[in-house]
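Enquirer: need a structure here:
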Amino acid sequence: MSGLKVYTDGGARGNPGPAAIALLITDDKGKLLDSHSEYIGIATNNVAEYRAVLKALAIARKHGADSVTCVLDSKLVASQLSGAYRVKKSHLKELHALVKRAESAFGSVSYEHVRRHDSRIQLADRMLNRMLDKVGRASG
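Expert: Numbering: from 1, shown residues only. Here you go, the predicted model:
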């Protein structure tokens, strides 16, 4: 398999608060190959965004991708991972390092920031919110 595109979203209700991640993986023609969402515990929005990218890269590796384009609606995280912004917070530096390590499994990894109106990002957002609703009902 050659290139894959992953659409990721991470979010927390409260910042920090209960958090979840969601992702979609498509082939180079846009065909949906995989999707995933999970509750990650208490975290900030930025931690959830990083955790979503980490999970997406792990799943993309299982699909045998040579290259991955990661599409995020978090300008901060996309810019930090592409090298345009420095990572200042120590807890994000750790996650940044984990992502950079995960990138070594691929020939190339790139990051693209899109606005929230992107249909695949909207779907990932709905998936993570359904997960948070489910967790909220189970604990309430």
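Enquirer: Now the lengthiest helix in the chain: buried residues?
Expert: In terms of residue count, the longest helix belonging to the chain (DSSP state H) is helix 119-139. With burial defined by 16 or more other CB atoms under 10 Å, the residues of helix 119-139 counted as buried are 120-121, 123-125, 127-129, 131-132, 135. Where C-beta positions appear, they are placed from N, C-alpha and C, glycine not excepted.
Enquirer: and for it, what are the contacting residues?
Expert: Helix 119-139 has contacts (CB atoms under 8 Å, 6 or more residues apart in numbering) with 7-11, 13, 18-24, 26, 35, 37-39, 48, 52, 71-73, 114-116.
Enquirer: got the CA positions of that helix in PDB?
Expert: This file holds the C-alpha atoms of helix 119-139, laid out as PDB (Å, rounded to 0.1, in the frame of the first residue of the first chain):
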ATOM      1  CA  SER A 119     -16.600  16.700   6.100                       C
ATOM      2  CA  ARG A 120     -14.200  14.100   7.400                       C
ATOM      3  CA  ILE A 121     -13.100  16.200  10.300                       C
ATOM      4  CA  GLN A 122     -16.800  16.800  11.100                       C
ATOM      5  CA  LEU A 123     -17.300  13.000  11.100                       C
ATOM      6  CA  ALA A 124     -14.400  12.400  13.400                       C
ATOM      7  CA  ASP A 125     -15.700  15.200  15.700                       C
ATOM      8  CA  ARG A 126     -19.100  13.500  15.800                       C
ATOM      9  CA  MET A 127     -17.400  10.100  16.600                       C
ATOM     10  CA  LEU A 128     -15.500  11.500  19.500                       C
ATOM     11  CA  ASN A 129     -18.500  13.300  20.900                       C
ATOM     12  CA  ARG A 130     -20.600  10.100  20.700                       C
ATOM     13  CA  MET A 131     -17.800   8.400  22.700                       C
ATOM     14  CA  LEU A 132     -17.800  11.200  25.300                       C
ATOM     15  CA  ASP A 133     -21.700  11.000  25.500                       C
ATOM     16  CA  LYS A 134     -21.400   7.200  26.000                       C
ATOM     17  CA  VAL A 135     -18.800   7.600  28.800                       C
ATOM     18  CA  GLY A 136     -20.900  10.300  30.400                       C
ATOM     19  CA  ARG A 137     -24.000   8.100  30.400                       C
ATOM     20  CA  ALA A 138     -22.000   5.200  31.900                       C
ATOM     21  CA  SER A 139     -20.600   7.200  34.700                       C
END
